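Asks: Below is the sequence, then the predicted model.
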Amino acid sequence: MMTTRQGTVRDETASKTHPSPTGWFLPLANGVAWATFVGIALAVQPPVDPAAVVDSASILISTALWLTMFTALFGLATRARWGYLATGIGGVLLMTAAGSCYAGGHTGTWLVAQAMAGAGLAATGALSWRVAR
């Protein structure tokens, strides 16, 4: 504890990476959200046709999603607030992936499930970002 000139007390040992009093709850909740929503998105996706041509936009979105996932998990493991931001961005990328599948001619209810999983992931990241202030 330290006293400033104004007489207020400040805790110098407080975590600088995660100012939230919730401790490990938010990082664990975001990790579970990643596992759940990405698991749902992969489970409802139909099998990939090996003869299909994959456009470069799909490769870019997929690569960005995986990089965002690893970045978010690292941020969550270190309890850094930017891990929640990366979770939200990952949700938006998952919704974008569903949109690009639809634009590429794919149809089916699995696109809706994948987009909703992305929305859930984005909402989890945004809510955690807000709570961790």
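Replies: Ah, there it is.

Asks: three-state assignment of the residue nearest to the spatial centre of the chain?
Replies: With distances taken as C-alpha atoms, centre = their mean, the chain has residue 87 as the residue nearest its mean C-alpha position (1.8 Å). At residue 87 the chain is in helix, as set by DSSP: H, G, I helix; E, B strand; the rest coil.

Asks: So it sits against residue 30, correct?
Replies: Yes - assessed by C-beta atoms under 8 Å, residue 87 is found in contact with residue 30 at 4.9 Å. In this view, the C-beta of every residue, glycine as well, is placed from N, C-alpha and C.

Asks: anything in contact with each of the two?
Replies: 72, 76, 124, 125, 128 (C-beta atoms under 8 Å, 6 or more residues apart in numbering).

Asks: what about the first one, neighbour count?
Replies: In this case it means residue 72. Look at residue 72: counted by other C-beta atoms under 10 Å, it has 28 neighbours.

Asks: same check, this time on the third one
Replies: Residues contacting residue 124 under the criterion other C-beta under 10 Å number 23.

Asks: how far away is the closest residue to residue 90 other than its chain neighbours from residue 51?
Replies: Leaving aside its chain neighbours, residue 90 sits nearest to residue 68 (4.3 Å; criterion: C-beta to C-beta, 6 or more residues apart in numbering). Distance of residue 68 to residue 51, given as C-beta to C-beta, to the nearest Å: 29 Å.

Asks: out of these two, which sits in the more crowded spot?
Replies: residue 68 (21 against 5).

Asks: And the shared contacts of residue 87 and residue 30, which is closest to residue 36?
Replies: The nearest member of the shared contacts of residue 87 and residue 30 to residue 36, counting by C-beta to C-beta, is residue 124 at 9.3 Å.

Asks: Got phi/psi on the closest one?
Replies: Residue 124 has phi and psi values of phi -60, psi -50 when expressed as degrees, to the nearest 10.

Asks: just the strands in the protein please.
Replies: 2-3, 9-10 (DSSP state E).
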